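> Just a sequence and a predicted model for now, questions to come.
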Amino acid sequence: MSDNQAVYRAAEIIQKGGIVAFPTETVYGLGADAFNPLAVARIFEVKRRPSFDPLIVHVANPADVKKLVKEIPSNAKKLIERFWPGPLTVVLLKEEDIPDIVTAGLPTLAIRMPSHPMALSLIRESNTPIAAPSANLFGYLSPTTAEHVREQLGDQVDLILDGGPCSVGVESTIVSFLEERPKLLRPGGVSLEEIESIIGKVEVHPIGEERPQAPGMLPKHYAPRTPIVLDWDKKNLNLLEDKNIGFLAFKEPKNYLKIRSIEILSKKGDIREAAANLFAAIRRLDALDLDLILAEPIPEVGLGRAIMDRLRRASTKGEIN
Ligand code: TXA
Ligand code: MG
């Protein structure tokens, strides 16, 4: 089947109330017709996702937002003009006809226009906005290849579109416009610096807050099976000699590390490249049955903020400080 044929078939499935995994530039999504509550319910079932966790609705044209929300504040407009199509999600007051299951009963809707050509053709061919969370089991890392989706969800979805590895590799940045001042709910593929350069100061949500507004903000949301440790000290590595250790390096590591299982996110220390490789690298280490994964901290600028956010959520406080 050619890519085009696959997209036509996928669109047919969406129109008939089925669910389809599809590539976006950030991560793979698991999509259904946003206006078909039963189809959306199946997403929650397959992902084993709690129903209080709302979905992002994907559109193929910025003009479609008008039909889905009550109003678009000027700052939201500015960000949409600058970053769509791309890894930015805006949270706005929703229109009445959006099914409650999509927004988990909230009066608000998260919307984005992805830039991956296959995602765009799928939404256009389906002729409806597509509600889609990341195509992983709840609480696990987002998939960045079609193979990742197959491994976790396989035959539970009606079709998996393969659009190659995701170029951004971390989920979209979520900005809420419910209050006077825009609020960053999740750092992601568009950096805070880029956003603030367009609309000025944005309120930044502290990590691990008690009542998360976006469950993607739950402290342990992206956890692999193997414990990831971020706050380790190389002085204490000898304490781990009898342990089976993996290392998630940001760039080419120094030779003090005599660890066999190593993943280098970007040899030249490029943060964008590191983000694109992040989830696949963690998955490979997670598959090795290691006792522990030591992760090297990454500078928290640009996409580094999103990477460190995901690493913190994936990590546990180790005793090896
Ligand atoms: O890059 C992405 O955003 C990917 C691709 C597939 O588009 N999607 C994604 O979806 O990461 P998901 O469901 O894994 O994460 C969406 C996050 C969740 O943390 C959810 O709680 C939050 O968005 N969210 C959705 N609707 C919301 C709303 N109305 N208000 C606040 N947060 C919302
Ligand atoms: Mg997710």
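Looks like it came in fine. Numbering: from 1, shown residues only. Ligands and ions are numbered 1, 2, ... in the order given.
> So which residues of the protein form strands?
Counting by DSSP state E, one finds strands in the chain at the ranges 20-22, 29-33, 56-58, 88-93, 108-112, 130-132, 159-160, 173-176, 183-186, 203-204, 228-229, 245-249, 261-264, 292-295.
> what's the fifth one packed up against?
Applying 3 or more Cβ pairs under 8 Å, 6 or more residues apart in numbering; DSSP states H and E, we find strand 108-112 packed against strand 56-58, helix 65-68, strand 88-93, helix 100-103. No exception for glycine: its C-beta is placed from N, CA and C like everyone else's.
> coming back round to it: which one of the strands of the chain lies nearest to residue 1?
Put simply, out of those the one that sits nearest residue 1 is strand 159-160, at 10.1 Å, with distance taken as Cβ to Cβ.
> That closest one near ligand 1 anywhere?
No. Contact check for strand 159-160 against ligand 1, using Cβ under 6 Å from any ligand atom: none in range, with a minimum separation of 13.4 Å.
> Mean neighbour count, distance to residue 12 and mean pLDDT added to the strands of the chain, as a markdown table?
Listed next are the strands of the chain as a markdown table, based on neighbours: other Cβ atoms under 10 Å; distance: least, Cβ to Cβ, whole Å; pLDDT from 0 to 100:
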| stretch | mean neighbour count | distance to residue 12 | mean pLDDT |
| --- | --- | --- | --- |
| strand 20-22 | 29 | 10 | 98 |
| strand 29-33 | 28 | 12 | 98 |
| strand 56-58 | 27 | 18 | 98 |
| strand 88-93 | 24 | 27 | 98 |
| strand 108-112 | 25 | 24 | 98 |
| strand 130-132 | 28 | 14 | 98 |
| strand 159-160 | 19 | 9 | 98 |
| strand 173-176 | 25 | 31 | 97 |
| strand 183-186 | 20 | 32 | 96 |
| strand 203-204 | 13 | 42 | 94 |
| strand 228-229 | 22 | 41 | 92 |
| strand 245-249 | 23 | 41 | 93 |
| strand 261-264 | 16 | 39 | 94 |
| strand 292-295 | 24 | 42 | 93 |
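> where does this structure come near ligand 1, residue by residue?
Taking Cβ under 6 Å from any ligand atom as the criterion, the contact residues of the chain with ligand 1 come out as 24, 26-27, 29, 53-56, 87, 89, 91, 103, 106, 108-110, 114, 132-134, 171-172, 174, 185, 213-216.
> at 5 Å what do you get?
Proximity of the chain to ligand 1, by Cβ under 5 Å from any ligand atom, involves residues 24, 26, 29, 53-54, 56, 91, 106, 108, 110, 133-134, 171-172, 214-216.
> Which stretches in the stretch 151-300 of the chain count as helices?
In chain order, the stretch 151-300 of the chain shows helices spanning 192-199, 271-286, with DSSP state H, counting those that start in this stretch as the criterion.
> what's the most buried one of these?
helix 271-286 (a mean of 22; mean count of other Cβ atoms under 10 Å).
> Which strands or helices does that helix pack on?
Packed against helix 271-286 by the contact rule (3+ Cβ pairs under 8 Å, 6+ apart) you find helix 146-153, strand 245-249, strand 261-264, strand 292-295, helix 304-314.
> Averaged pLDDT, the last one. What do you get?
Averaging pLDDT along helix 304-314 yields 92.
> any chance of the helices and strands packed on helix 271-286 in TSV, plus distance to residue 40?
Listed next are those as TSV, based on distance: least, Cβ to Cβ, whole Å:
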stretch	distance to residue 40
helix 146-153	16
strand 245-249	35
strand 261-264	35
strand 292-295	34
helix 304-314	25
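> what residue ranges in the chain are flagged as low confidence?
In the predicted model, the chain carries pLDDT under 70 at residues 206-222, 255-257, 316-321.
> which stretch among the strands of the chain comes nearest residue 5?
strand 159-160 (11.4 Å).
> Tell me the buried residues in stretch 74-82?
Going by neighbour count (16 or more other Cβ atoms under 10 Å), the buried part of stretch 74-82 is 75-76, 79-80.
> I meant to write stretch 8-24 there.
Neighbour counts using 16+ other Cβ under 10 Å place 9-11, 13-14, 18-24 of stretch 8-24 among the buried residues.
> That'll do, ta.
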